[in-house]
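1. here is my input; please provide its structure:
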Amino acid sequence: MSQFLLRLISLANLFASSDNGFLWRQINDTGSNFIVKALGVSPSGGIFACYDNYALVFSSDQGNTWWNRSTGIPGTEVISLGFDSVGTVYAGNSSVDGLFFSNNNGFKSWQVTIVRRG
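-> Coordinates of the predicted model:
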């Protein structure tokens with residue numbers, strides 16, 4: 001049985017393999033050298049990547065297409081990702097508001113769950 005694998009190389013190049021690592025293909029052709037700050041795979045198999053240009057992107061097809069999922073998170077970069085067993089996605093940003101969550105892979109919006117106080 002083949003597993004889908006991810007590999008981050010040099011903080012900017014994200015590769016995937018669907019044959020247990022025999023062949024690899026680059027899946028984050030951003031056209032630039034943005035640094036990946038966080039990377040995660042949800043329980044449903046969706047891939048999230050956070051870049052240093054404040055983008056949080058999502059792929060549901062093993063990295064063939066990517067969708068912006070930054071809407072609803074204030075203008076600070078996401079630096080951490082987490083998932084629970086029912087599929088809730090958690091995103092922590094680098095400064096102001098704290099921890100956000102989404103029950104729909106960040107499709108519509110994010111809600112704040114923990115607010116950092118001064």
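2. residue 23 versus the spatially most central residue of the chain, what's the distance?
-> Centroid-nearest residue in the chain: residue 48, 2.1 Å away (criterion: Cα atoms, centre = their mean). Separation of residue 48 from residue 23 (Cβ to Cβ, to the nearest Å) stands at 23 Å. No exception for glycine: its C-beta is placed from N, CA and C like everyone else's.
3. ok, residue 106 to residue 73 distance?
-> Distance from residue 106 to residue 73, by Cβ to Cβ: 8 Å.
4. those two - which one has more neighbours?
-> residue 106 (26 against 22; other Cβ atoms under 10 Å).
5. give me the number of residues near the nearest residue to the more buried one once chain neighbours are set aside?
-> Leaving aside its sequence neighbours, residue 106 sits nearest to residue 69 (Cβ to Cβ, 6 or more residues apart in numbering; 3.3 Å). Residue 69 is flanked by 26 other residues according to other Cβ under 10 Å.
6. who does residue 41 bridge with?
-> For residue 41, the beta-bridge partners are residue 47 (DSSP bridges).
7. so how far is residue 92 from it?
-> Taken as Cβ to Cβ, the span from residue 41 to residue 92 is 17 Å.
8. got the phi/psi numbers for residue 90?
-> Dihedral pair for residue 90: phi -120, psi 140, per degrees, to the nearest 10.
9. and it, what's its pLDDT?
-> Predicted confidence (pLDDT) for residue 90: 89.
10. mind listing what it touches?
-> Counting by Cβ atoms under 8 Å, 6 or more residues apart in numbering, residue 90 touches 80, 81, 82, 83, 84, 99, 100, 101, 113.
11. dump the residues you listed to JSON lines, plus distance to residue 36.
-> As requested, the contacts of residue 90 are arranged in JSON lines below (distance: Cβ to Cβ, whole Å):
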{"residue": "80", "distance to residue 36": "12"}
{"residue": "81", "distance to residue 36": "11"}
{"residue": "82", "distance to residue 36": "16"}
{"residue": "83", "distance to residue 36": "17"}
{"residue": "84", "distance to residue 36": "22"}
{"residue": "99", "distance to residue 36": "20"}
{"residue": "100", "distance to residue 36": "19"}
{"residue": "101", "distance to residue 36": "21"}
{"residue": "113", "distance to residue 36": "24"}
